[in-house]
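1. turn this into a structure:
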Amino acid sequence: LSLSLSLTYSLALGARCPFRSSKTKKVNFVSSLLSLLLLLFFLQKQKSFESFETFESRISGKASYSLNQSTASISSIMLSSSSPGLVFSSLGKLLRQRSSGSGCCTWSSMCLAAQMRTEENLVNSTSHRDERGGERSIRGTGLGFGNVARETTGADFVGRRRASSSSSSSSTEEASTYNVGAATNIKWHESPVTREARERSLNQRGCVLWMTGLSGSGKSTVAFTLEHLLHEKGKTCYVLDGDNLRHGLNKDLGFSAESREENIRRIGEVAKIFAQAGIITMVSIISPYAKDRNRAREAMENKDFVEVYMKIPLAVCEQRDPKGLYRKARSGEIKGFTGIDAPYEAPQSPEITLHVSKSGEKTPQDMAHELLRYLEENRYLEF
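-> Residues are numbered from 1 along each chain as shown. Got it, this is the predicted structure:
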């Protein structure tokens with residue numbers, strides 16, 4: 001540094017001498033600039049050295065962390081500083097000290113420094129209000145090292161933990177778990193990806209077309225025809241068919257009133273999730289009881305549930321009988337068959353009614369296009 005200062009001063013004086021040639025003055029001037037750059041370089045190195053010493057003293061400080069070496073994370077140490085270069089330099093020096101036995105730095109002290117920094121940066125509370133008006137609290141957590149014992153001897157770290165504890169005491173109740181039905185100790189976890197963001201990316205609005213009617217009324221045929229039309233338009237859609245879901249999700253359910261109720265409840269919950277994901281969902285299921293359909297409607301957000309009544313006379317459905325079920329029900333092979341010896345409660349005020357008075361009056365394509373027009377007019381196919 002002294003040499004650089006002396007050289008700069010002498011060359012500056014030489015450049016000002018009137019007896020020097022023009023070429024010599026230019027050389028001296030360039031040399032003076034290089035000397036100044038060298039001076040600035042030395043000053044920057046000195047500043048970096050001081051930053052390194054400050055960083056080293058911070059992570060090798062006054063606390064010890066009782067932790068197995070296998071659970072330590074180098075990525076956590078990287079997050080504990082805004083300068084990765086300083087992290088690796090200090091990490092190498094501290095590891096050399098540890099291996100040679102010199103100094104009092106340990107691996108656990110570095111883990112402690114990383115944990116202290118990540119707790120400061122990542123622990124935040126955000127409240128979310130659900131559609132029913134309830135409060136939900138989402139608390140972020142720092143990069144954890146598991147449930148491990150901690151020994152603290154540094155006053156700074158103890159003070160920091162006390163401050164963190166006092167600031168989070170107000171949200172202890174919000175962070176606690178609760179019971180829902182037979183499920184205990186659970187808590188809702190809100191996704192950072194909102195429904196609005198999903199629907200914007202799909203350029204459509206999620207909904208559930210709940211198609212109800214007698215067996216043989218054409219619910220599944222119309223639903224899959226509509227799915228094909230929507231797919232051709234580039235829309236994301238799916239059919240939840242009652243028979244298909246009894247192959248897996250509902251294969252443990254029969255056809256008693258209680259089983260039918262649980263069958264509708266499960267399908268309604270799945271359809272609700274699909275709608276919240278922005279998917280246009282068609283549910284094709286008899287769902288003979290009005291209270292079960294109303295319960296599914298109430299579980300969804302406003303305008304998500306679109307009830308489609310397949311108003312087809314029993315005589316027409318029995319004439320079609322695509323599965324031969326009416327014949328079996330008439331002969332007594334099937335008991336509790338809807339429309340024969342089990343009731344069907346028709347919707348009182350459905351959003352859409354697809355009415356056919358006689359066979360062949362409307363094709364499945366005609367009814368699917370009618371549903372498609374409804375979706376277009378009510379702007380479900382755009383965001």
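2. which residue ranges form the helices in the stretch 101-250 of the chain?
-> Using DSSP state H, counting those that start in this stretch, the helices found in the stretch 101-250 of the chain span residues 107-122, 155-168, 172-175, 195-202, 219-232, 242-245.
3. need the helix or strand of this structure with the lowest average pLDDT.
-> strand 135-139 (a mean of 36; mean pLDDT, DSSP states H and E).
4. tell me the contacts of residue 363?
-> If a contact means Cβ atoms under 8 Å, 6 or more residues apart in numbering, then residue 363 has no contacts. Where you see a C-beta, it was placed from the backbone N, CA and C, and this is true even at glycine.
5. give me the phi and psi for it.
-> When quoted as degrees, to the nearest 10, the phi and psi of residue 363 stand at phi -90, psi 160.
6. from residue 352, how far off is it?
-> From residue 363 across to residue 352, the span is 17 Å (Cβ to Cβ, to the nearest Å).
7. the residue nearest to residue 305 when sequence neighbours are not counted and residue 268, how far apart?
-> The shortest distance from residue 305 to any non-neighbouring residue, by Cβ to Cβ, 6 or more residues apart in numbering, is to residue 297 (4.2 Å). To residue 268, residue 297 is 8 Å away according to Cβ to Cβ.
8. between these two, point out the one with more neighbours.
-> Counted by other Cβ atoms under 10 Å, residue 297 and residue 268 do not tie: residue 268 has more neighbours, with 25 against 15.
9. quick one: secondary structure of that one?
-> helix (DSSP: H, G, I helix; E, B strand; the rest coil).
10. that one reaches residue 299, doesn't it?
-> Yes - using Cβ atoms under 8 Å, residue 268 makes contact with residue 299 at a distance of 5.8 Å.
11. list the buried residues in stretch 367-380.
-> In terms of neighbour count (16 or more other Cβ atoms under 10 Å), stretch 367-380 has its buried residues at 367-368, 371-372, 375, 380.
12. repeat that for stretch 312-323.
-> Judged by neighbour count (16+ other Cβ under 10 Å), stretch 312-323 contains these buried residues: 312, 314, 316-318.
13. try stretch 331-338
-> Using 16+ other Cβ under 10 Å as the test for burial, stretch 331-338 gives 334, 337-338.
14. which one of those is nearest to residue 201?
-> Using Cβ to Cβ, residue 338 is the member of those that sits closest to residue 201, with 39.9 Å.
15. give me the beta-bridge partners of the closest one?
-> Following DSSP bridges, residue 338 is listed with bridge partners residue 342.
16. point out where the stretch 101-250 of the chain drops to low pLDDT.
-> Where the stretch 101-250 of the chain drops to pLDDT under 70, the residues are 101-175.
17. closest to residue 179 among the buried residues of stretch 367-380?
-> Nearest to residue 179 among the buried residues of stretch 367-380, with distances taken as Cβ to Cβ, is residue 380, at 36.0 Å.
18. the residue nearest to that closest one when sequence neighbours are not counted and residue 225, how far apart?
-> Setting aside the residues directly before and after it, residue 380 is nearest to residue 205 in space (Cβ to Cβ, 6+ apart), at 4.8 Å. Here the distance between residue 205 and residue 225 works out to 21 Å (Cβ to Cβ).
19. could you do residue 375 as well?
-> Counting by Cβ to Cβ, the gap from residue 375 to residue 225 is 14 Å.
20. now swap in residue 321 and tell me
-> Residue 321 sits 20 Å away from residue 225, going by Cβ to Cβ.
21. how many neighbours does residue 234 have?
-> Neighbours of residue 234 under the rule other Cβ under 10 Å: 10.
22. list the contacts of it.
-> With Cβ under 8 Å, 6+ apart, residue 234 has no contacts at all.
23. what's the helix or strand for the residue lying closest to residue 213 once chain neighbours are set aside?
-> Once flanking residues are discounted, residue 213 sits nearest to residue 310: 3.0 Å by Cβ to Cβ, 6+ apart. Per DSSP states H and E, residue 310 falls inside strand 305-311.
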